[in-house]
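J.: mind folding the following:
(2 chains)
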Amino acid sequence: MAKHINVALIGNPNTGKTSVFNRLTGLNQKVGNYPGITVEKKQGSCKFGRACKVHVLDLPGTYSLNASSLDENVVIELLLNKNDKDFPDVAVVVADVENLKRNLLLFTQIKDLGIPTILAINMSDRMKRKAITLDVPLLEEKLQTKIALISSRKNLGFDHLKELIEGYNKLSTKPCLNASRISPEYFNRLRKAFPNQDLYKLWLVITQDVNFGKLDRNELKGVVSFKTESVSNLKRLQQKETIIRYQFINETLKETLHIDTANAKDLRSRLDRVLTHKVWGYVIFFGILLLIFQAIFDWSEYPMDFIDRSFASMSEWAKTTLPAGDFSNLIAEGIIPGLGGIVIFIPQIAFLFLFISILEETGYMSRVVFLMDKLMRRFGLSGKSVVPLVAGTACAIPAIMATRNIENWKERLITILVTPFTTCSARLPVYLIIIALVIPDTRVLGIFSLQGLTLMFMYILGFGAAIFSAYILDKILKIRSRSFFVVEMPNYKLPLPKNVIITVIEKTKAFVFGAGKIILAISIILWVLASYGPGNFNNAEEIIKTEYASQNLTEEEIDMHVDSYKLEHSYIGHIGHAIEPAVRPLGYDWKIGIALVSSFAAREVFVGTLATIYSVGSDDEQTIKSRMAAEVNPVLGGPLFNFASGVSLLLFYAFAMQCMSTLAIVKRETNSWKWPMWQLVVMTVIAYVVSLAAYQFLK
Amino acid sequence: MAITIASLKKGQRGIIKEFSVDVVPLKLLEMGCLPGNEVSLVQIAPFNDPLYLNINGSHLAIRKETACKIEIELI
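T.: So this is what the prediction gives:
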């Protein structure tokens, strides 16, 4: 029988834990969510030889077992729950050789839980350059563990690590520290009350404010109420625990670790001097942002054109090869154009995630936090809000989850509320197609494309709206919360291509499948609504023929009139005409009105909707863009998508809250419907008013 | 006036003194900000806040409002 081992990877942030995970599992991994909460759960598996199957869980990074965020709660809940199916047989604590002292704090806590624990010291290839020497056998003896010196960058030491994992049952489970030392008197009382329990576990259950619903109630009955000490006293004891642990670590490392500090003048200080400089720091940051937007607009144009043309011919092919009938029409006019509307944006989304993951991997993001904190604070935000705001350019959902490490609740709430203003990748499809239609394709100063600059302006507008509303919220919201801010400044690293590629693939996949489902469903519904109708819809041909009988039209012209008559009298036409009065002042016709309404589910639905509406009934092979360019304004004549209506649409999408998933995540993160409802109403009103003003002014 | 981390100049070092547990958050302690440990100021952000420190070998940034509560002895 094959042996099965559950491994949990645990470690501080910035220790390269995820690279170790990628090395162990390769692409054989699965990213999902923990049940009921939106913490990312990464798991994978690998085989050691033929007889041993290993399941690896990559737990969220944490500095200690004293949880202060949802992500950290996950770690402690799992480690305290022996009945969880993911409960590790062996824990691998990943540490960075340059931050060993701090990383060992977490290690000693996990070791004290009685779980077999391996210490994997990562980035060991840097030891020589940094003049670090480590007495591994002595350290193993002092910590009563096994140590693997590894380097995920150079792929070193993994065979040894795997050997250690396979032989996990030989590891000592003795604790590093006698928990009673935290407070002999208090722990004595605990021992008397629960004679058969592990004291350190009890201590964690008492001090941690997490949900232990899954724990065996009988086993730990009454523990949670065992708060004979006041909260502030318990807090004091937690601090004492930390101090005792550091004493142990300092003593241990004094004999085993030597760093020649004279050699430590390095890349870090030289790069820091430039990247956090009061002028160059900002210049470089904005330069990087500019590069990102240039890439998204300019470089991804080629693959996008290709995808657009492929879907147009695929639709044409389906129409000519499949047997005629409703079902083929559904495929050719509903599903294929609808899907094309999402697939086309893969290049841009991939570029965006590429840049964001590189910025995170290199350690540059922390410098941006450092650089921006004081500025952001003026608007009621934190330096850490920069990460959600930048990540928000990909998608507001992970961005809002990324606010979890903002310690101050008011700053965090404001960040959550304003993040949906940043230009997420779902807005891109809309922006791109409208910019391509209404902004001339010329170059400014010979290099920057005017369309690219317009796009950049839309991003700046998004950030501006976010910052401005943060400022207002900071003045309005009356929340007092203790401010406190700490951010680690990790070493600079060259990003590992494998990590970056895996992130890009995972995130793009999640986006496409997540959005794809909604888009597919909506495309089908729209197609049905556009292809059937009540009353006159079914007699369209006769009505047109009698109406134009005197004009002697060719068959083709008659067909065209029939098609547009049908669309207007279909179900969707009726709905569209009902909303038209509301959207006409903004410069839109009823078709855009439909697209607007359907995109309240998700913004990217807009293009797919228009693609579906416009392709119903048309026979020739055309791209979405050329169909939109051909639309004529029914009232004023001239192209429907002109400068005024285009700008009005761009502004509407910049400000409106059109994403149900974001509303759901805001509800979850703020624990109330109050905030998402606020967001929905306020943002929609702003969008309507601004677009109205813009169209009326420009038309 | 007491000398605190906030009064360090760039490149200066100090030893953290005993502090009252209520003013320093646990998270900061866990990252190595403990009495007896060495702290040096690596860099000050534009507009004079936050401070980029090296505490006990860890690099981290904190705001002035926290830094001015942690007393040190210059070395």
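J.: which SSE is A:Ala312 in?
T.: Counting by DSSP states H and E, the secondary-structure element that holds A:Ala312 is helix A:301-321.
J.: now that helix: how far from the chain's centre is it?
T.: Taking CA atoms, centre = their mean, to the nearest Å, one finds helix A:301-321 lying 30 Å from the centre of the chain it belongs to.
J.: just the CA trace of it, in PDB.
T.: The C-alpha trace of helix A:301-321 is given here as PDB (Å, rounded to 0.1, in the frame of the first residue of the first chain):
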ATOM      1  CA  GLU A 301      -2.900  44.600 -29.700                       C
ATOM      2  CA  TYR A 302      -1.500  41.900 -31.900                       C
ATOM      3  CA  PRO A 303      -2.700  38.800 -30.100                       C
ATOM      4  CA  MET A 304      -6.000  40.600 -29.600                       C
ATOM      5  CA  ASP A 305      -6.600  41.300 -33.200                       C
ATOM      6  CA  PHE A 306      -5.800  37.700 -34.000                       C
ATOM      7  CA  ILE A 307      -8.400  36.500 -31.400                       C
ATOM      8  CA  ASP A 308     -11.000  38.900 -32.600                       C
ATOM      9  CA  ARG A 309     -10.600  37.700 -36.200                       C
ATOM     10  CA  SER A 310     -10.500  34.000 -35.200                       C
ATOM     11  CA  PHE A 311     -13.800  34.300 -33.400                       C
ATOM     12  CA  ALA A 312     -15.500  36.100 -36.200                       C
ATOM     13  CA  SER A 313     -14.500  33.400 -38.700                       C
ATOM     14  CA  MET A 314     -15.400  30.700 -36.200                       C
ATOM     15  CA  SER A 315     -18.900  32.200 -36.000                       C
ATOM     16  CA  GLU A 316     -19.100  32.300 -39.700                       C
ATOM     17  CA  TRP A 317     -17.900  28.800 -40.000                       C
ATOM     18  CA  ALA A 318     -20.400  27.500 -37.500                       C
ATOM     19  CA  LYS A 319     -23.200  29.300 -39.400                       C
ATOM     20  CA  THR A 320     -22.300  27.700 -42.800                       C
ATOM     21  CA  THR A 321     -21.400  24.200 -41.600                       C
END
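J.: got the CA positions of the helix or strand following it in PDB?
T.: Using DSSP H and E, the next helix or strand after helix A:301-321 towards the C-terminus is helix A:326-329. C-alpha atoms of helix A:326-329 as PDB (Å, rounded to 0.1, in the frame of the first residue of the first chain):
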ATOM      1  CA  ASP A 326     -32.400  27.600 -33.800                       C
ATOM      2  CA  PHE A 327     -29.600  25.600 -32.100                       C
ATOM      3  CA  SER A 328     -27.000  26.500 -34.700                       C
ATOM      4  CA  ASN A 329     -28.100  30.100 -34.500                       C
END
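J.: now do helix A:326-329: everything it contacts.
T.: Taking contacts as CB atoms under 8 Å, 6 or more residues apart in numbering or on different chains, the residues outside helix A:326-329 that touch it are A:318-319, A:322, A:527, A:531. Every residue, glycine included, has its C-beta placed from N, CA and C.
J.: quick one: the lowest-mean-pLDDT helix or strand in chain B near chain A?
T.: Taking mean pLDDT, DSSP states H and E as the measure, helix B:26-30 is the helix or strand of chain B with the lowest mean score, a mean of 86. Yes: remark: helix B:26-30 sits within contact range of chain A at B:26-30, by CB under 8 Å from any CB of the partner chain.
J.: nearest to A:Asp559 among these?
T.: Among the residues of helix B:26-30 next to chain A, B:Lys27 lies closest to A:Asp559 (CB to CB), at 70.3 Å.
J.: now for the least confident helix or strand of chain B, which elements pack on it?
T.: Judged by 3 or more CB pairs under 8 Å, 6 or more residues apart in numbering or on different chains; DSSP states H and E, helix B:26-30 is in contact with helix A:231-256.
J.: return the set of buried residues in the helix it packs on.
T.: Residues A:234-235, A:237-239, A:241-246, A:248-249, A:252-253, A:256 are the ones in helix A:231-256 that count as buried (16 or more other CB atoms under 10 Å in any protein chain shown).
J.: just checking: which of those also lie near chain B?
T.: Restricting the buried residues of helix A:231-256 to those within reach of chain B (CB under 8 Å from any CB) leaves A:235, A:238-239, A:242-243, A:246.
J.: can you list the residues of the stretch 451-600 of chain A near chain B?
T.: Residues of the stretch 451-600 of chain A lying near chain B (CB under 8 Å from any CB): A:483-491.
J.: what do you get if the cut-off is 10 Å, keeping everything else the same?
T.: For the stretch 451-600 of chain A, the residues in contact with chain B (CB under 10 Å from any CB of the partner chain) are A:482-491.
J.: and the residues you listed, which of them are in helices?
T.: When DSSP state H is applied, those are split such that none fall in helices.
J.: quick one, which of those are buried?
T.: In these, the ones that pass as buried (16+ other CB under 10 Å) are A:485-491.
J.: so which of those are in strands?
T.: A:486-488 (DSSP state E).
J.: now those residues in CSV, with pLDDT?
T.: Converted to CSV, those look like this (pLDDT from 0 to 100):
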residue, pLDDT
A:Val486, 87
A:Val487, 89
A:Glu488, 89
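J.: could you redo the residues of helix B:26-30 next to chain A as JSON lines and give each row distance to A:Val682 and neighbour count?
T.: Output for those, formatted as JSON lines (distance: CB to CB, whole Å; neighbours: other CB atoms under 10 Å in any protein chain shown):
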{"residue": "B:Leu26", "distance to A:Val682": "37", "neighbour count": "17"}
{"residue": "B:Lys27", "distance to A:Val682": "34", "neighbour count": "16"}
{"residue": "B:Leu28", "distance to A:Val682": "36", "neighbour count": "20"}
{"residue": "B:Leu29", "distance to A:Val682": "40", "neighbour count": "23"}
{"residue": "B:Glu30", "distance to A:Val682": "39", "neighbour count": "27"}
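J.: tell me which of those is nearest to A:Gly646?
T.: B:Lys27 (48.7 Å).
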